[in-house]
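Participant: Build the 3D model from these lines:
(chains A, B, C and D)
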Protein chains: 2
Amino acid sequence: MAVKDSKTEQLIKETAQQVFLKEGRMLATTQDIADAAGVNRTLLHYYFRSRDQLFDTVFVEALTELRSRIHDVIGSQLAFVPKIEALVQAFLEVLVQHPFLETFITLQINQQPERYEELFVQLPGGKERLKTFLKEIEREMELGTIPQMKPIQYFINLFALLAYPHIARPLLQKMFDLSDTAYKKILQERKTVVLALLLHQYKTKDQ
Amino acid sequence: MAVKDSKTEQLIKETAQQVFLKEGRMLATTQDIADAAGVNRTLLHYYFRSRDQLFDTVFVEALTELRSRIHDVIGSQLAFVPKIEALVQAFLEVLVQHPFLETFITLQINQQPERYEELFVQLPGGKERLKTFLKEIEREMELGTIPQMKPIQYFINLFALLAYPHIARPLLQKMFDLSDTAYKKILQERKTVVLALLLHQYKTKDQ
DNA sequence: CTTTTGTTTAACAATTTTGTCAAACAAAAA
DNA sequence: TTTTTGTTTGACAAAATTGTTAAACAAAAG
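Facilitator: Model prediction:
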């Protein structure tokens, strides 16, 4: 009998999540997903009406999580260094779950700007929080904690260093003949590497 | 009359380049491209046989350019610092032309690994050049020119800092309300920002 | 001028993918 | 048990997209 958010519905959503955001198969058809979930294709329509809506549901859910986690940290009362640390932590946690999320954000926001603008960019008070954060970065540069550059460049560096190894994972694994285990290790080390670079704490051997 | 690589063929290819790699519309149909080029859709098939082949032609062409430019620099006899500078320069030049190339590489290499492995990863002597380059990075860390970390992490930093602002352009522009002009300026400044960070030349205000 | 060669077009066919529907089914409620 | 409600299925319809063909066309070569 009926159960709100039935097992099947949940299964389909999780499978779609796997296929889209973990495997990066953005062209997967409804049949592909149904097969992967081991259910009849019609059920995708029964629960999600259309392929588009299923995609959207999965994508928006992941997007919302990422966004809210980032904004929570950015808007928090933490001091600068722990805030950067928390930001790195939060970002990495979401990306480990959905390695292709960043790639999809990139493609989607370019193809349906109006649809996703509200979802990703315009959250209540978002712009203000962001500006405040840039101010904090600027102040930290004044204090000499971090190297001087335009705050937005610092912001870009932060996300670049975190997101890219996930975006380019298949490429890098091939280039350097790295097993899944080996690459995961690199991703784990990444946290310290990125923090050291961002917080200007790196030591060179001599000088 | 017949001209080898006719005007139309060229036009179609350039339009496909524009649509796929500049606008990132990887789902564009043959009709979309024909419309954008202002030609009859049948001509795509006449010149390129299938949609797949057109996509492949455009993608592989860009891929090959990027690959050869990077490997030329990596394999060159330049000293470390000028080599990094040349690498940054080469990479940025290609990315300005094809902002979505990296994103597509990511998706494609994941979906048709065998097809693209030879093309991107396995070029003659590629693996050796790469290893030599990692050794050079390591030696430079010994010398104290750059901060110490696993060479591959340095390599990832390099490409992350360069590629990400192009990949995430639409998102960042929205987030910070930046005009095309403003963003281009940021991309231009990027060269110095990245080099300073990679070569550890950044100055903090006080300390 | 007419032939040849290559280009462009519209009409059509094939395929792939999505979406709908009515009937079969299962389990709880009446 | 019968009814009701929600689930699952297969068959079918619709749409979107790709690919083919034959005929019209244009320009140079003979």
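Participant: Stretch A:129-138 near chain B at all?
Facilitator: Yes. Interface with chain B: stretch A:129-138 contributes A:L130 (Cβ under 8 Å from any Cβ of the partner chain). Where you see a C-beta, it was placed from the backbone N, CA and C, and this is true even at glycine.
Participant: Return that stretch as CSV; C-alpha atoms alone will do.
Facilitator: Extracted in CSV, the C-alpha atoms of stretch A:129-138 (Å, rounded to 0.1, in the frame of the first residue of the first chain):
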residue,chain,number,x,y,z
ARG,A,129,27.0,37.6,2.9
LEU,A,130,29.3,37.3,0.0
LYS,A,131,30.3,40.9,0.1
THR,A,132,30.9,40.7,3.8
PHE,A,133,33.1,37.7,3.2
LEU,A,134,35.1,39.5,0.6
LYS,A,135,35.6,42.3,3.1
GLU,A,136,36.8,39.9,5.6
ILE,A,137,39.3,38.6,3.1
GLU,A,138,40.4,42.1,2.4
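Participant: Quick check: residues of chain A near DNA strand C?
Facilitator: Taking Cβ under 7 Å from any atom of the strand as the measure of proximity, chain A contacts DNA strand C at A:M1, A:T29, A:T30, A:Q31, A:R41, A:T42, A:H45, A:R49, A:S50, A:R51, A:D52.
Participant: Ranking by neighbours, what's the top pick from those residues?
Facilitator: Most neighbours among the residues of chain A next to DNA strand C, by other Cβ atoms under 10 Å in any protein chain shown: A:T30, with 18 neighbours.
Participant: returning to what we had before: widest-spaced pair of the residues of chain A next to DNA strand C?
Facilitator: Farthest pair in the residues of chain A next to DNA strand C (Cβ to Cβ) is A:M1 and A:T29. Separation: 30.7 Å.
Participant: residues in contact with the residue lying closest to A:L95 once chain neighbours are set aside?
Facilitator: Closest residue in space to A:L95, ignoring its immediate chain neighbours: A:H166 at 4.6 Å, by Cβ to Cβ, 6 or more residues apart in numbering or on different chains. Contacts for A:H166 (Cβ atoms under 8 Å, 6 or more residues apart in numbering or on different chains) come out as A:L95, A:V96, A:P99, A:E102, A:L187.
Participant: follow-up on the earlier one: and the residues of chain A next to DNA strand C, which is closest to DNA strand D?
Facilitator: Each of those was scored against DNA strand D by Cβ to the nearest atom of the strand, and A:T42 proved nearest at 3.3 Å.
Participant: Select from the contacts of A:H166 the one having the most neighbours.
Facilitator: Within the contacts of A:H166, most neighbours by other Cβ under 10 Å means A:E102, with 25 neighbours.
Participant: Now do the same contact list for that residue.
Facilitator: By Cβ under 8 Å, 6+ apart, the neighbours of A:E102 are A:L95, A:A163, A:H166, A:I167, B:I167, B:A168.
Participant: how much space is there between the fifth one and A:N110?
Facilitator: Read it as B:I167. With distances taken as Cβ to Cβ, to the nearest Å, B:I167 is found 10 Å from A:N110.
Participant: Residue ranges in chain A under the pLDDT threshold?
Facilitator: A:1-5, A:120-124, A:202-207 (pLDDT under 70).
Participant: Which segments of it make up each domain?
Facilitator: A:1-49, A:52-198 (automatic domain parsing).
Participant: which one of the ones you listed lies closest to B:E142?
Facilitator: Taking Cβ to Cβ, domain A:52-198 is the member of those nearest to B:E142, at 18.0 Å.
Participant: Start and end of that closest one, how far apart?
Facilitator: Start-to-end span of domain A:52-198 (Cα to Cα, to the nearest Å) is 39 Å.
Participant: Please apply the same query to stretch A:89-104.
Facilitator: 21 Å.
Participant: ok now do the closest residue to A:L44 other than its chain neighbours, which residues does it touch?
Facilitator: Computed as Cβ to Cβ, 6+ apart, the closest residue to A:L44 that is not its neighbour in sequence is A:T30, at 5.1 Å. Each residue near A:T30 by Cβ under 8 Å, 6+ apart is listed here: A:R41, A:L44, A:H45, A:R51, A:L54.
Participant: buried stuff in the top helix by length along chain A?
Facilitator: Ordering each helix of chain A by length in residues (DSSP state H) puts helix A:51-75 first. Residues A:54-60, A:62-63, A:65-67, A:69-71, A:73-75 are the ones in helix A:51-75 that count as buried (16 or more other Cβ atoms under 10 Å in any protein chain shown).
Participant: which helices and strands does the helix or strand following that helix pack with?
Facilitator: Toward the C-terminal end, the helix or strand that comes next after helix A:51-75 (DSSP states H and E) is helix A:80-97. Counting contacts by 3 or more Cβ pairs under 8 Å, 6 or more residues apart in numbering or on different chains; DSSP states H and E, helix A:80-97 is packed against helix A:51-75, helix A:101-111, helix A:126-143, helix A:151-167, helix A:180-198.
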